[in-house]
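Trainee: Next come a sequence and a model predicted from it.
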Amino acid sequence: SRKSVEKLKIIRELSPFPYSKRAPRADVCFTEECIDASLQLLKSINFSVNPCDDFFQYSCGKWITDNPIPPSSVRWGQFDILRQEVNNVTQGILTSPPESSDFKPVLQVKDFYSQCIDTGAMEREGLAHVIAILTIAGGWPS
């Protein structure tokens, strides 16, 4: 895949050549996480800009182009993207059917969430539904 090729390029650039007299550097990280972080940094750079003319555009220009601010936001950065990814994973967990491999707290949260979004049951049962959910959760916080 393209990502694998990009990772190999990074490793090649950071590694000494097989027959090089240059010793491998102990301070260079080659874990998958480090390679991914390097890849993300390289994908942010706008190599068409001279860093001496506009360092910000050089170092962040490609990221800004590839990650425009959504219409619903006033700012957009890596933490916003991470928050969105965490929310998507959480939503996926909450809406997936209960599985026998789920831990008890996960099953309880899935059940609680499904009850909270069941508007039909809320309309039929009124506040009794909310009170039952609060009772299951340990009561109203004091």
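Mentor: Yep, it's here. All of these numbers come straight from a predicted model, not from anything done at the bench. Residues are numbered from 1 along each chain as shown.
Trainee: where does residue 48 land in three-state SS?
Mentor: coil (DSSP: H, G, I helix; E, B strand; the rest coil).
Trainee: Also the one 4 residues further on?
Mentor: Following three-state DSSP, we place residue 52 in the coil state.
Trainee: Quick one: residues in contact with stretch 94-111.
Mentor: 93, 113, 136 (C-beta atoms under 8 Å, 6 or more residues apart in numbering). No exception for glycine: its C-beta is placed from N, CA and C like everyone else's.
Trainee: buried set for it?
Mentor: Buried residues in stretch 94-111, counted by 16 or more other C-beta atoms under 10 Å: residue 110.
Trainee: Check the offset of it from the chain's centre.
Mentor: 21 Å (C-alpha atoms, centre = their mean, to the nearest Å).
Trainee: Repeat that for stretch 69-86.
Mentor: Worked out by C-alpha atoms, centre = their mean, stretch 69-86 lies 11 Å from the chain centre.
Trainee: Can you show me the helices along this structure?
Mentor: 2-14, 32-44, 55-66, 78-95, 104-117, 119-125, 127-136 (DSSP state H).
Trainee: name the helices or strands packed onto the shortest one?
Mentor: Right, the one you point to is helix 119-125. helix 127-136 (3 or more C-beta pairs under 8 Å, 6 or more residues apart in numbering; DSSP states H and E).
Trainee: can you redo the contacts of stretch 94-111 as a markdown table with neighbour count?
Mentor: Below are the contacts of stretch 94-111 laid out as a markdown table (neighbours: other C-beta atoms under 10 Å):
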| residue | neighbour count |
| --- | --- |
| 93 | 13 |
| 113 | 15 |
| 136 | 12 |
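Trainee: Looking at those, spot the one nearest residue 50.
Mentor: residue 93 (46.3 Å; C-beta to C-beta).
Trainee: need the contact list for the closest one.
Mentor: 106, 110.
Trainee: How about residue 45?
Mentor: Contacts of residue 45 by C-beta under 8 Å, 6+ apart are 58-59, 61-62.
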